[in-house]
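> This is a predicted model, with the sequence first.
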Amino acid sequence: MYILMYVLARKILRFGSVVIWGLIVGGALISFGGCDQAPPPPPPPAKIEITEPPSATEEVDSDTEADVPPEPQPTVYEYDPTGRREPFESLIAEEEIDLLDVIATPDPELLKSPLQKVELAQLKITGIILGSFGEYARILSPDGKSYTVNAGTLIGMHEGQVISITSNSVVVKEILRYESGKVEEVESILYLNPIEDEEEERP
């Protein structure tokens, strides 16, 4: 009887140990299983929208545009020549006449002497003689030849004639004939010393 009870007690203890170990192992597996599982991800951060304030330049531009008044439209005036005389017509006509009115070419038949075949500006006075017997001047032509002239001598290409001789100059009167038919008399002075004499003649 005692032996049977002892055997039963051993079996019960052995069975209880197995149950306890099973519970321990199961709890351990559950713990390890919980450790291996990844934690849930954290929630995403909330988005914060930042609105930049308008720059000072934009504010100034907007204020300027608001304050500038619209430009007034200019009034256009148009000239109506109906029934009116052109004020510049006569001036334009006179200017055209002056531009077209040139000195006519001298008649070659009138240019007989060597001094008549050159312009007065091409002649040079080299000497003047004054005395009781008259006034004379020596004139050098462009060809290098020298000629003696006195009052009445024909000279120049425009019907020129010596009208007087002084101590420092020869006065010549010419007749200028224009293409328009206009005739003009002019006096030209040839100086013995052009630079010095012209300065003395100036007021």
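Happy to help now that I have it.
> Low-confidence regions, the chain specifically.
Within the chain, the segments meeting pLDDT under 70 span 1-69, 72, 74-100, 195-203.
> and if we set it to 90?
1-112, 131-133, 179-181, 193-203 (pLDDT under 90).
> Tell me how far G134 lies from S167.
Relative to S167, G134 is positioned 14 Å away (C-beta to C-beta, to the nearest Å). (C-beta placed from N, C-alpha, C; glycine too.)
> isn't P142 right next to Q122, touching?
Yes. Applying C-beta atoms under 8 Å as the test, P142 and Q122 come out as touching, 5.0 Å apart.
> wait, what's in contact with the closest residue to L190 other than its chain neighbours?
Counting by C-beta to C-beta, 6 or more residues apart in numbering, L190 lies nearest to V170, which is 4.5 Å off, once chain neighbours are set aside. Neighbouring residues of V170 by C-beta atoms under 8 Å, 6 or more residues apart in numbering: I125, I128, A137, I139, V149, V162, S164, I189, L190.
> Separate out the buried members of those residues.
For the contacts of V170, a burial check counting by 16 or more other C-beta atoms under 10 Å picks out I125, I128, A137, I139, V149, V162, I189, L190.
> Looking at those residues, which are in strands?
Using DSSP state E, I125, I128, A137, I139, V149, V162, I189, L190 are the members of the buried ones among the contacts of V170 that sit in strands.
> Out of those, which is nearest to S180?
Minimum distance to S180 across these is 27.1 Å, recorded for I189 (C-beta to C-beta).
> could you list every residue that touches that closest one?
S169, V170, V171, V172, E201.
> Quick one, which of the residues you listed are buried?
Buried residues within the contacts of I189, counting neighbours by 16+ other C-beta under 10 Å: S169, V170, V172.
> you'd agree the last one is up against L190?
Yes. Counting by C-beta under 8 Å, a contact exists between V172 and L190, whose distance comes to 6.7 Å.
> For those two, list the residues in contact with both.
The contact sets of V172 and L190 overlap at L120 (C-beta under 8 Å, 6+ apart).
> one step back: enumerate the beta-bridge partners assigned to the residue nearest to L190.
When bridges are called by DSSP bridges, V170 pairs up with I165, L190.
> In TSV: the contacts of V170, plus distance to S180.
As requested, the contacts of V170 are arranged in TSV below (distance: C-beta to C-beta, whole Å):
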residue	distance to S180
I125	34
I128	38
A137	35
I139	32
V149	32
V162	28
S164	31
I189	27
L190	28
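> K112: which of those is nearest?
The closest of the contacts of V170, once distances to K112 are taken by C-beta to C-beta, is V149, at 14.7 Å.
> hang on, isn't the closest one packed against Y136?
Yes. Shown here, V149 and Y136 form a contact pair, counting by C-beta under 8 Å, at 7.1 Å.
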